[in-house]
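Participant: After the sequence you'll find the predicted model.
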Amino acid sequence: MTTIPFKLPLNIKLYRPVSPTGVWGWLTTVDHKKIGVLYGVTAFIMFLTGGIEAMLIRTQLIAPELKIIAPEVYNQLFTMHATTMIFLAIMPLSAAFFNFIIPLQIGARDVAFPRLNAFSYWAFLAGALIMKSSWFLGGSPNAGWFGYAPITTATFNPGNGIDFWIIGLQVLGVASLAASFNFIVTIINLRAPGMTMMRLPLFTWMTFITAILLILAFPVITVALIELMLDRTFDFNFFNTKAGANPILWQHLFWIFGHPEVYILILPAMGIVSEVLPTFSRKPIFGYPAMVLAASFIAFMGWLVWSHHMFTTGLGPIANSVFTLTTMLIAIPTGVKMFNWLGTMWGGDIDFKTPTLFAVGFMSMFLIGGISGVMHSFSASDYQQQDTYFIVAHIHYVLFGGSIFGIFAGIYYWFPKITGRMYDEKLGKLNFWIMFIGQNLTFFPMHWVGMQGMPRRIFTYDSGMGWAFWNGFETIAAYAIAFGVLIFVINMIKSWTGGKKAGDDPWDGRTLEWSIPSPPPVYNFRDIPIVKSLDDFWHTKQKSSNSNTKVKSKTKVSDIHLPQPSYWPLLVAVGLTIAGFGIIYNLVFTGIGIGIMLITVCAWSFEPVNEPDSH
Amino acid sequence: MFDTIKKFLPILLSLLFVIACGGFDGPQSTFDTHGPVAKEQADLFYLILWAGMVVLVAVELAIIYIYIKFRRKKNSTRIPSQTHGNTKLEIMWTILPAIFLAIVSVPVLSAIWTIGTPPKNPDVVVNVHGHQYWFEFEYQDLDVVTANELHIPVGKKILINLYSNNVLHSFWIPKIAGKTDIIPNQGNYMWIQGDDVGMYYGQCAEFCGESHALMRFRVVVDTDEDFRAWISHQKSEAFVPNDPLEKSGYDIFMSSKAGCGGCHMINGSKKAKGKIGPNLTHFGSRQHMAAGILENNQVNLRNWIRNPDMIKPGNIMSGQAAVYMDPNKSLTESEVIALASYLQSLK
Amino acid sequence: MSDETTTGLSHRKLLIWVFLGSDCMFFASLIGTYLIYKGSGVLHPGPADVFDIPTTSVSTFVLLMSSMSMVFAYAYLVRDDIKAFRIWMFSTIIMGSTFLGFQVFEFSEFYFHDDLSPQTNLFGTTFYALTGTHGLHVTIGVIWLGIIFYSSLFRNTVTSKTNLDLDLAALYWHFVDIVWIVIFAVVYLFGTFTGFPSS
């Protein structure tokens, strides 16, 4: 590893890494593809830990009046399960695709801010570690992922669990914000010539909308978390009911963030499905402008419906009517998307490979979740469904049958591009069917138990309630899902290490990422492509299908300047972690952490993206 | 072909669920309604359920049709026609759902106002206080305070005011009315009416801490006479028992060593004036104890007094009462038996 | 990296705009919290008890003038008149610091003289959180401007070619200024406003 000096304003010589390899290569990387892989692998490990938490929850509920898991631990489990799946699994898995795929789809050599990108990963890892370390440091958060005040205040929750939750979420928020700033600028500003907004692949569009939602929604939860943190650490009164505070404030702030968050979780999956279906149907997406408009409308309406999570909090009939109507409105653009996917497949020549199966599975499952969503929008009858297993069924149809199926479709679809190898199709299909059947057997009966009056978040129930059979059934089916995920893991490891070589374009793809080698070279595109239409790569292939000769590139690889690796993103994240732990344990460390961050941020901002004399 | 069967299987199974489930209604079923509020809510649910089913079946059938009809034949190189959309179709499937939603919004909005408007002249007003983890019922103007068993007269409109001085709870009697949250510093209300005499289950539906799952209650819908009789009985004060065992229990209860009276109220006693725990004046008349999770009998009661934390983890009594915190003050077995006998004598 | 971008705007300029959009939501949530809690809980000491509108008007005016001075600094930098740039830059920093000084004075006055701490009541909690967050923004702005000023004085690296560096800081500075005007109106003026005198 060689290093070259560069100058800080105080004339201190510091050394920056130059194309290191091995562990240093990963620690200092600013390559969006490597960061994407880091994001994906970390998030998938988090997905597995969240899955283990889910299995423990289901095991406790397998029969009535069991005492396998203590109530306090059970409460920590369901809190951590939801927090993990939402913030540590689905969001960063989507972010993994943003990182790896977006620059390839828009014809760019990297993202707009490579080091910011690296920082967002390290901050995500820091947040994940803070959150998960709570299991080993005296107890995890135990107030639900929604953390409704005042049960999160020091009066009712003196332990450290909630502090881990507050700090973990804030650090994760910083990570998500950094990533989103980056992707908005990248998508606006780094498109290849001719790649107008209405020629963007739909996955890129969905990412763009997701990132906008994210930068507007996360500040709101950040404020709520800071308020809670000030309450717990410095005795402020934001949620102190003795001082006259109204706990509804938390719910409003949380759901003003929380509802856009739902679309942050689902829009990337919708984007993936909108890539997979056209490719495997050999047809363009049906109604491209309508798809973009529908998603934008959904994103906009996402800000006007938050109170439908609060129908039973006594907002009064006027507010309930308004939020009922706005919520019902969202069904319309969602329906448009559903019908347009059907239209895409209609008349196509559909190859039902694993990604297609997952995409179609997404459609049929998300449909059920969408319909039960419309059922909740009826605030009057939602009084019976709120906080029951009916809601649990709904969110799992949307987030597991929806987001996770979409993400699995994406993993299988882009696996050959990311690794250069082909996954095992038989295992893939087996994986799909087990997960698909398991998902329905697990979550469908929850609709029924919910309407039979089983509340959420209860660690036990009586045998006389009529819930026992279905709960046992759900638990067995949940184990089946776990088995399906195990097959997925086996498939991934086996194929990544010894799969067949995939080739550049195994699916006869339509978008730019398939026009370059698999796995892509560091610089992605030797020549920046010039885009003339939507699905430009497909049209180019159609025109030149007779002549098999590729145009020779005039660009020399050595002339391509790429951003150089850097230590600073990692070090800033380290400072952030120390500052975070400081708030939980001792404010001195917060000072030290902030100090480290100030210094490293300054060093970062004086470090040029490229050393001018390094070539 | 096998794939096709596999595709159908979950849907068949789903249908089977619906059919299989139809027959059994548990004690907290929202389908088996016994009051106008729950009925209105169930009717609305069925309306959207059937409408949703139509959409669900139509779209899932379309997906299956596509799966069979348009799947790629082996080595097919067919390039389907590259349609980019169909404006007329797209407008249609935007407008039609909009019209449908506009129509169904009429019964929805009317139900919101029916359920959300409290009766002007309620027959009974009950102030419900949510505690960790039990419900306290205070009958306004009737001077009755009880816990965990709410008696209401049949066919009358009851206004429920919801209060909490701790965390959030939610008051829910699935067969009589959907839930409303109990929120500190925000006086929420709801109205209920029980149409059939009987006992109904209720449960806290907003996560409220360690033993949230064990925060339950019962609603007893009485005939008018029974209700009046119950009220007048509840207003009566408790007497000092004559039976020697019960009397010794009384003495322990009132003693400063056990200190029960610091948190529990027994009307008519000067030493039991506490308001932190449930009012125990007529504890023996309740059919259930410990927030509706146990039948009220000697065995359960003794177990409860011996170690409440075993039965309801994190409850305030086991965390604050001297008899559980201070080993010098812990109750002997004979004291436990005496206390249980005394409490059950409080009919 | 190539210098060309799709829109012709620099990445960093876009970034600061996106960041400021996000920051808007941050302040909106804090101001929302303040307004929701306005007039609830323990009422005294309340806005009318502690605010001294003339003093705060002066500090508001100083902050507003610092924005103007910022505009001059940028204008001179673009013309490569480094000396004038430095003068205006320095005056911006001084005015920003003056504002912070006023805030420190104001906070200590409220805290020691009026017995208003964040723990006192909901007004204290929301007031200190909101204005404190704004103060933190101003502090970061002063440090940022300070670093640019330092680079200009001792490294001579600030020229019209690198005017983007100043442009970003200026955008941030103006944003923080505008936020203060909103806070001044919502918290200070509406807080002490007791209605128009009836004739």
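Facilitator: Received, thanks.
Participant: touching chain B at all, the longest helix along chain C?
Facilitator: Counting by DSSP state H, the longest helix found in chain C is helix C:122-150. No: for helix C:122-150 and chain B, the contact criterion (Cβ under 8 Å from any Cβ of the partner chain) is not met; the two come no nearer than 10.9 Å. Where you see a C-beta, it was placed from the backbone N, CA and C, and this is true even at glycine.
Participant: What's the first helix or strand after that helix?
Facilitator: Using DSSP states H and E, the helix or strand that follows helix C:122-150 in sequence is helix C:163-183.
Participant: Contacts for that following helix, please.
Facilitator: With Cβ atoms under 8 Å, 6 or more residues apart in numbering or on different chains as the test, helix C:163-183 has contacts from C:10, C:12-13, C:16-17, C:20, C:23, C:27, C:31, C:60, C:63-64, C:66-67, C:70-71, C:73-74, C:77-78, C:92, C:96, C:130-131, C:134, C:137-138, C:141, C:144-145, C:148, C:158.
Participant: Flag the shaky bits of the chain, pLDDT-wise.
Facilitator: Because you didn't say which chain, this covers chain A. A:1-20, A:545-553, A:609-615 (pLDDT under 70).
Participant: that answer is for a different chain, and I need it for chain C
Facilitator: Looking at chain C by pLDDT under 70, you get C:1-3, C:195, C:197-199.
Participant: Just want the residue of chain C that's nearest chain B.
Facilitator: C:S40 (8.4 Å; Cβ to the nearest Cβ).
Participant: so who does that residue touch?
Facilitator: A:244-246, C:122.
Participant: Between the residues you listed, which sits nearest chain B?
Facilitator: When those are compared against chain B (criterion: Cβ to the nearest Cβ), the nearest one is A:N246, at 5.2 Å.
Participant: May I ask you to confirm that the closest one is in contact with B:G187?
Facilitator: No: if you go by Cβ atoms under 8 Å, A:N246 and B:G187 don't touch, sitting 11.4 Å apart.
Participant: what's the helix or strand hosting A:I188 packed up against?
Facilitator: Using DSSP H and E, A:I188 maps to helix A:161-189. Applying 3 or more Cβ pairs under 8 Å, 6 or more residues apart in numbering or on different chains; DSSP states H and E, one finds that helix A:161-189 contacts helix A:71-83, helix A:91-106, helix A:114-133, helix A:202-234, helix A:568-585, helix C:11-37.
Participant: and chain C, which of its residues are near chain B?
Facilitator: Residues of chain C lying near chain B by Cβ under 8 Å from any Cβ: none.
Participant: what's the nearest residue to the residue of chain C found nearest chain A if we skip its chain neighbours?
Facilitator: Residue nearest to chain A within chain C: C:G41 (2.8 Å; Cβ to the nearest Cβ). Of all residues not flanking C:G41 in the chain, A:G244 sits nearest, at 2.8 Å (Cβ to Cβ, 6 or more residues apart in numbering or on different chains).
Participant: likewise B:L331?
Facilitator: In space, B:L331 is closest to B:V323, 5.3 Å off (Cβ to Cβ, 6+ apart).
Participant: likewise B:P153?
Facilitator: B:F227 (4.0 Å).
Participant: Stretch A:423-440: how far from the chain's middle?
Facilitator: Mean-position distance between stretch A:423-440 and its chain equals 22 Å (Cα atoms, centre = their mean, to the nearest Å).
Participant: Likewise for stretch C:43-55?
Facilitator: What separates the centre of stretch C:43-55 from the centre of its chain is 21 Å, taken as Cα atoms, centre = their mean.
Participant: Identify all contacting residues around it.
Facilitator: With Cβ under 8 Å, 6+ apart as the test, stretch C:43-55 has contacts from C:102, C:106, C:109-110, C:114-116, C:120-121, C:123-124, C:127, C:187-189, C:191-192, C:194.
Participant: Now the buried members of these.
Facilitator: C:102, C:106, C:110, C:116, C:120-121, C:123-124, C:127, C:187-188, C:191-192 (16 or more other Cβ atoms under 10 Å in any protein chain shown).
Participant: Which two among those are spaced furthest apart?
Facilitator: For these, the farthest-apart pair by Cβ to Cβ is C:F102 and C:N121; their separation is 23.4 Å.
Participant: Contact residues of chain C facing chain A?
Facilitator: When proximity is defined by Cβ under 8 Å from any Cβ, chain C lies next to chain A at C:1, C:5-7, C:9, C:11, C:14-15, C:18-19, C:21-23, C:25-26, C:28-30, C:32-33, C:36-37, C:40-42, C:118-119, C:121-122, C:124-126, C:129, C:147, C:150-151, C:154-155.
Participant: 6 Å instead?
Facilitator: C:5-7, C:11, C:14-15, C:18, C:22, C:25-26, C:29-30, C:36, C:40-41, C:118-119, C:122, C:125, C:155 (Cβ under 6 Å from any Cβ of the partner chain).
Participant: For A:F362, which non-adjacent residue is closest in space?
Facilitator: That would be A:F405: by Cβ to Cβ, 6+ apart, it lies 4.2 Å from A:F362.
Participant: show me what contacts the one you found?
Facilitator: Neighbouring residues of A:F405 by Cβ atoms under 6 Å, 6 or more residues apart in numbering or on different chains: A:358, A:361-362.
Participant: what angle do the host helix or strand of it and helix A:202-234 make?
Facilitator: Per DSSP H and E, A:F405 falls inside helix A:405-419. Per axes from the mean of the first three to the mean of the last three Cα atoms, to 10 degrees, the angle that helix A:405-419 makes with helix A:202-234 is 110 degrees.
Participant: Output helix A:405-419 as CSV, nothing but the C-alphas.
Facilitator: The C-alpha trace of helix A:405-419 is given here as CSV (Å, rounded to 0.1, in the frame of the first residue of the first chain):
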residue,chain,number,x,y,z
PHE,A,405,-40.4,-10.2,-2.2
GLY,A,406,-39.5,-7.2,-4.3
ILE,A,407,-36.1,-7.1,-2.8
PHE,A,408,-35.6,-10.8,-3.4
ALA,A,409,-36.7,-10.4,-7.0
GLY,A,410,-34.0,-7.7,-7.2
ILE,A,411,-31.3,-9.8,-5.6
TYR,A,412,-32.0,-12.7,-8.1
TYR,A,413,-32.3,-10.3,-11.0
TRP,A,414,-29.1,-8.4,-10.5
PHE,A,415,-27.1,-11.3,-8.9
PRO,A,416,-25.4,-12.1,-12.3
LYS,A,417,-24.5,-8.5,-12.8
ILE,A,418,-23.2,-8.0,-9.3
THR,A,419,-21.2,-11.2,-9.0
